[in-house]
Each structure stands twice: as C-alpha cells, then as structure tokens.
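# based on what follows, work out the 3D shape:
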Amino acid sequence: MINDIPLNYFLSLAAALFCIGLFGSLARKNAIAVLMGIELMLNAVNINLVAFWRYGSPDPILNQAGIVFALFVITLAAAEAAIGLALVIAIYRSRDTVNVEEINLLKW
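Numbering: from 1, shown residues only. Predicted structure coming up:
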C-alpha cells in the first residue's frame, strides 16, 4: 500500500515541513515558537529517514538503519524539548520574559 505513493511526495512533504520549521525558528521572537520550529525540522528529518529506508533498501526487513536513525532522532528531539523547555522556564523565572531578543544573559 505504501508503494502506491511515490517517494517524491514524501520528500516534498518533508521539505515543506523543514521550510516551515526553519522559518518558524528564524522569524519568531518567542523562545517556545523557536523550539516548535526546531521540532518541525526534526520531524522532517524523520520523514526523510523513514522514506529512504522504505524505498532505498532492497530488503527493508533486514536493513533497519533508517528506523534506528529515526529512533535516535526522536530520542534527541525529546531530550531537546525537555532541556529547552527547562531553560525557557528558568530564564522566564529570572528575567520575566521569553522573548529571545530581550534575553541577554551575559549582561549584568
């Protein structure tokens, strides 16, 4: 059933998600929105990894490299979300803002 959908559809979806995430992380001033943009970019990478695993391997059951890399990226995204959210909460408690432009921790 998945072979009915061509590979370029998955790649187009992943490219669109990555571009939305890149725009969201570069154009936003809110730290939470920046973290959400980074999560979108990591999800686009996961779509690419699983799509290339499915279409690139002659025997996808024996060659599990794409799935292993996708699980690694999911683990990395969970750690990034936990640490990033903890940093945002700590900065909000000390500076009363989550605006990225107003956070200048090196200034006294």
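
# how much space separates Leu71 from Leu87?
Leu71 sits 25 Å away from Leu87, going by CB to CB, to the nearest Å. Where you see a C-beta, it was placed from the backbone N, CA and C, and this is true even at glycine.

# surely Asn48 is in contact with Asn8?
No - between Asn48 and Asn8 there is no contact under CB atoms under 8 Å: 11.9 Å.

# of the two, which one has the most company?
Neighbours per residue (other CB atoms under 10 Å) separate Asn48 from Asn8, with Asn48 holding more: 21 against 10.

# got the confidence number for the more buried one?
For Asn48, the pLDDT comes out at 93.

# with adjacent residues omitted, what lies nearest to Ala30?
Ala isn't right for residue 30; it's Asn. Val98 (5.8 Å; CB to CB, 6 or more residues apart in numbering).

# for that neighbour, give me the pLDDT.
For Val98, the pLDDT comes out at 85.

# likewise Ser25?
Per-residue confidence at Ser25 stands at 93 (pLDDT).

# which SSE is it in?
Assigned by DSSP states H and E, Ser25 falls within helix 7-27.

# also Leu62?
Here Leu62, judged by DSSP H and E, is contained in no helix and no strand.

# ok, now how distant is it from Leu42?
Taking CB to CB, one finds Leu62 at 27 Å from Leu42.

# more neighbours: which of the two?
Between Leu62 and Leu42, counting by other CB under 10 Å, Leu42 is the more crowded of the two (19 against 7).

# elements contacting the lengthiest helix in the chain?
The single longest helix within the chain, with elements called by DSSP state H, is helix 65-95. When contacts are defined as 3 or more CB pairs under 8 Å, 6 or more residues apart in numbering; DSSP states H and E, helix 65-95 packs onto helix 31-56.

# which residues are in contact with the spatially most central residue of the chain?
Using CA atoms, centre = their mean, the residue of the chain that lies closest to the mean C-alpha position is Leu42, 2.1 Å off. By CB atoms under 8 Å, 6 or more residues apart in numbering, the contact list for Leu42 reads Val73, Leu76, Ala77, Glu80.
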